[in-house]
Each structure stands twice: as C-alpha cells, then as structure tokens.
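[1] Provided below for reference: sequence and predicted model.
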Amino acid sequence: MLDAVRPLPPDAILGLIGAYQRDPNPDKIDLGAGVYRDSAGETPILAAVRTAEQRLLASERTKSYVAPPGDPAFIAGVTRGLFGADHPVLTGARVGAVQSPGGCGALRLGAELINRLRPGTPVWVSTPTWPNHEPLLGDAGLKIHAYPYYDHDVHTVDDDAMLATLATLGRDDVVLLHGCCHNPCGADLTRQQWDAIADLALDRGFTPFVDIAYHGLGDGLDEDAYGVRTLAARLPQLLVAYSCSKNFGLYRERAGLVCAVTPTAETAAAARSQLNSIARGMYSMPPAHGAAIVGHILGEEELTARWRAELADMRGRLLRMRRLFADRMAQRGADFGFIADERGLFSFLGISPAQVERLRDAHSVYLVGSSRINVAGVTEDNVDTLADALAAVLDT
C-alpha cells in the first residue's frame with residue numbers, strides 16, 4: 001500500500017513563507033502568514049497568558065488526562081464571555097459544550113455531529129471562505145455548497161444575493177457563518193444583516209453554524225458576539241465553533257470549544273454526549289494546557305481585566321494599521337478606504353494575480369495570489385515602502 005503513495009502539491013501559503021525567508025532583501029514585507037503580529041513582527045505571548053501559565057506550572061501536580069468534555073473552568077469562562085452570563089441559553093442549560101483541539105477541532109466535531117444525525121447534510125459556506133472550511137466539513141461527509149457573500153467590485157457584503165440564496169434553504173440545510181473578522185475578506189455582517197439571517201433561519205428552518213475564530217479582534221468582545229447572541233436568543237438550535245488561538249495568542253496550544261445550542265436542557269445533554277462520543281473516536285481526550293490557561297484567566301477578575309486590555313491593544317493596532325495604510329494609499333492617489341472599514345486580520349487588496357506576482361518579484365512584498373493580506377504585517381516602519389510598491393504595481 002505505502003509503496004504506491006504519491007506526494008500532494010505543496011501548500012501555497014507554506015511555499016510563500018519559504019520564499020519570504022529565502023529573500024535577501026532587508027526591506028521585504030510578509031503579508032501572507034495568517035497570525036497576529038505586533039509592530040516588531042513577533043507573535044507575542046500575552047502578559048496575562050504568561051502569568052496564568054506560570055501559576056499553573058507552579059501548582060500542577062499531575063499529567064493525567066482531563067475529562068473527555070474538557071476543562072470545566074475553560075468551558076464556563078468561554079461560554080459566559082461568548083453568550084453573556086445572563087443569556088437564556090446559559091441560564092436554561094441549553095448549551096452542550098465540549099472542549100476541542102483548537103477551532104479546527106471544533107469545526108470538525110460539529111461537522112461530525114451533523115453527519116451522525118443526518119448523513120450527507122448540505123452545508124452552505126460563504127463565497128469566499130477560509131479554504132480549510134471545505135476539508136474540515138466536507139471530509140466529515142457533509143455536502144459543500146456556496147452562497148454569495150463578498151462583492152469584490154465594491155468591497156462589501158452582497159446582502160441582496162446572500163439573503164436571496166439563504167431564502168431558498170430549508171430544514172435539511174446548515175449555513176456556516178463567520179462570527180466576526182471574516183477570513184479572508186474582512187467584510188463583516190452588520191447587525192441588520194444578522195437580524196435578517198435570524199429571520200430567515202426562523203422562517204426557513206435551516207441551522208446556522210457560526211465559526212467565531214477572532215472574538216474581540218473586530219470591534220470588541222460584546223460587539224463581535226452580536227451575531228451569536230442574536231441567533232441563540234431567537235432560534236431553537238445552532239452550532240458554534242470557538243477558537244482561542246487569536247484572541248489569547250495560543251496558536252500552538254490548540255484551545256477551542258464546540259457548542260451545540262439546543263431547544264432544551266435535555267437535548268443539550270444529549271448533544272454533549274454525542275460530541276463526547278465523536279471526540280472519543282477521533283482523539284480520545286482533549287489537550288489540557290491551553291484550555292487551563294484560558295480557564296485560569298477567565299476565572300480571575302484581575303487576569304481577565306489584563307487580558308481584555310491586551311486584546312484591546314491588539315484590536316487597536318489592527319484598526320490603526322488599516323487606517324494608516326488607506327491614508328498612505330490615498331496620498332498616492334489610490335482609494336483603499338474599504339480596508340479601513342473592514343475588520344480583523346485579513347482583507348483583499350483587489351489586485352490581479354499578475355500584480356501580486358509583480359509585488360513579490362519586483363518589490364519583495366509577499367501575499368497570496370487572491371490578493372488577501374494580513375493587516376498585522378503592516379507597520380509604521382514599512383507602510384510607506386508597501387504603499388510605494390503597490391502604487392508602482394497599480395501604475396503598470
């Protein structure tokens with residue numbers, strides 16, 4: 001069997017990282033890698049995380065397994081922050097939540113649950129969406145379909161086309177929604193659009209599946225949770241996949257959570273048991289370290305306040321870089337104001353693959369072929385170099 005195995009094509013983003021690393025240009029700019037970075041180009045360990053980690057290491061007495069559902073403090077802290085402590089789905093015990101290996105694990109657990117309950121369920125993903133959504137959901141057995149989302153010509157959500165498509169769906173359908181900071185376009189749903197989707201879900205009966213991987217990096221923790229809270233308040237059921245990789249900077253620790261919001265406390269308990277069974281068959285027990293850090297932070301008022309302040313700094317830097325980039329391009333006669341209006345780590349520049357290639361080859365500016373950039377790669381030190389390079393490419 002293994003003597004016949006053949007290699008797959010290399011991952012495009014990994015190849016881009018390698019090309020950037022080999023480039024000798026001291027002024028090279030990396031806008032491709034999909035992680036938060038500070039003004040020095042580092043992905044920092046948050047002070048709240050470091051403190052919590054030190055306390056946990058000092059008090060840890062065992063490396064035995066955690067329980068299959070995961071760390072109770074982590075689950076309680078994340079669900080309280082996501083839904084709000086007094087949300088009816090929490091006070092009514094209508095959330096069946098299970099810790100997962102990162103947001104990817106949460107997505108896969110949710111997909112496996114859907115496929116176990118209704119094999120081959122159609123799941124609708126936005127055009128565009130994060131490329132890994134399709135294998136995470138499709139490899140579980142779900143049937144992938146696309147709904148319109150981003151209008152590249154005007155750089156906004158095409159809500160007429162989106163809502164028209166969602167209005168054709170029914171009780172057999174699942175709709176994947178980005179909770180905030182849409183990856184890859186950065187164009188988020190407004191409150192009015194979330195309300196309209198909730199209306200359609202009630203009327204048509206489809207089940208939302210919200211992927212919220214950047215909670216707090218858009219407009220704020222409460223603001224970014226509007227969609228999840230609204231759907232949970234108005235609908236009998238939905239699924240949520242949550243990641244702590246970005247807002248806690250815990251990329252390598254793989255701390256995530258899948259939540260099944262169900263009509264009753266009894267069905268929530270049943271969903272939790274199903275998710276535990278699926279997890280048992282995939283990886284048996286969840287990783288402990290990252291979840292323990294998050295649970296410790298969210299369980300202590302002082303650490304929670306420190307984390308919120310650090311998260312606000314990260315969010316503020318992303319917003320400043322968006323405005324700064326748009327301003328520098330305006331000075332060069334190009335309108336990129338939409339970048340300032342979008343949120344999170346990512347946006348499309350809206351240039352052609354050939355222009356992306358010229359940016360890389362002639363100016364050592366690295367981004368993926370779709371023109372998606374990681375805004376965190378923009379700094380006060382490189383923004384003028386970047387703007388000059390992009391202006392030169394636009395003029396050719």
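    Done, it's in.
[2] quick one: contacts of the helix or strand containing Ala389?
    For Ala389, the element it lies in under DSSP states H and E is helix 383-394. Helix 383-394 is contacted by residues 27, 29, 31, 321, 324-325, 328-329, 331-334, 349, 351, 355, 358-359, 362-363, 365, 378 when judged by CB atoms under 8 Å, 6 or more residues apart in numbering. In short, each C-beta sits where N, CA and C put it, glycine included.
[3] Using the three-state scheme, assign Phe209.
    Secondary structure, DSSP: H, G, I helix; E, B strand; the rest coil: Phe209 is strand.
[4] Ile114 versus Arg234, what's the distance?
    20 Å (CB to CB, to the nearest Å).
[5] List the buried residues in the longest helix belonging to the chain.
    In the chain, assigned by DSSP state H, the helix with the most residues is helix 301-331. Across helix 301-331, burial judged by 16 or more other CB atoms under 10 Å covers 303-304, 306-308, 310-311, 314-315, 317-319, 321-322, 324-326, 328-329.
[6] And stretch 347-366, by the same measure?
    For stretch 347-366, burial by neighbour count (16+ other CB under 10 Å) applies to 347-349, 351, 355-356, 358-360, 363-366.
[7] and if you look at stretch 24-34?
    For stretch 24-34, burial by neighbour count (16+ other CB under 10 Å) applies to 28-34.
[8] and that stretch, C-alpha only, in PDB?
    Extracted in PDB, the C-alpha atoms of stretch 24-34 (Å, rounded to 0.1, in the frame of the first residue of the first chain):
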ATOM      1  CA  PRO A  24      17.700  38.600   1.000                       C
ATOM      2  CA  ASN A  25      16.000  42.000   0.600                       C
ATOM      3  CA  PRO A  26      16.200  43.700   4.000                       C
ATOM      4  CA  ASP A  27      13.000  45.700   3.200                       C
ATOM      5  CA  LYS A  28      10.900  42.600   2.400                       C
ATOM      6  CA  ILE A  29       7.300  42.600   3.700                       C
ATOM      7  CA  ASP A  30       5.300  39.500   4.700                       C
ATOM      8  CA  LEU A  31       1.600  40.000   4.400                       C
ATOM      9  CA  GLY A  32       0.800  36.300   3.900                       C
ATOM     10  CA  ALA A  33       1.300  34.400   7.200                       C
ATOM     11  CA  GLY A  34      -2.100  34.200   9.000                       C
END
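[9] for the record, mean pLDDT for that stretch?
    Averaged across stretch 24-34, pLDDT comes to 92.
[10] go on, stretch 375-390?
    97.
[11] how long is that stretch end to end?
    Its start and end residues considered, stretch 375-390 measures 14 Å (CA to CA, to the nearest Å).
[12] starting at the chain centroid, how far to it?
    Computed by CA atoms, centre = their mean, to the nearest Å, the chain-centroid distance of stretch 375-390 equals 24 Å.
[13] repeat for stretch 49-58
    Offset of stretch 49-58 from its chain centre (CA atoms, centre = their mean): 26 Å.
[14] any idea of the mean pLDDT for it?
    Across stretch 49-58, the average pLDDT comes to 96.
[15] Contacts for it, please.
    The contact list for stretch 49-58 (CB under 8 Å, 6+ apart) reads 248-250, 289, 292-293, 296-297, 303, 306-307.
[16] pLDDT value on the nearest residue in space to Ile351 that is not next to it in sequence, please?
    Leaving aside its sequence neighbours, Ile351 sits nearest to Ser371 (CB to CB, 6 or more residues apart in numbering; 4.9 Å). You'll see Ser371 listed with a pLDDT of 96.
[17] Counting neighbours, what do you get for Ser371?
    Residues near Ser371, counting by other CB atoms under 10 Å, number 19.
[18] Could you tell me which residues make contact with it?
    348-353, 355-356.
[19] Against Leu176, how distant is it?
    Taken as CB to CB, the span from Ser371 to Leu176 is 23 Å.
[20] Low-confidence regions, the stretch 1-150 of the chain specifically.
    Judged by pLDDT under 70, the stretch 1-150 of the chain has no weakly predicted residues.
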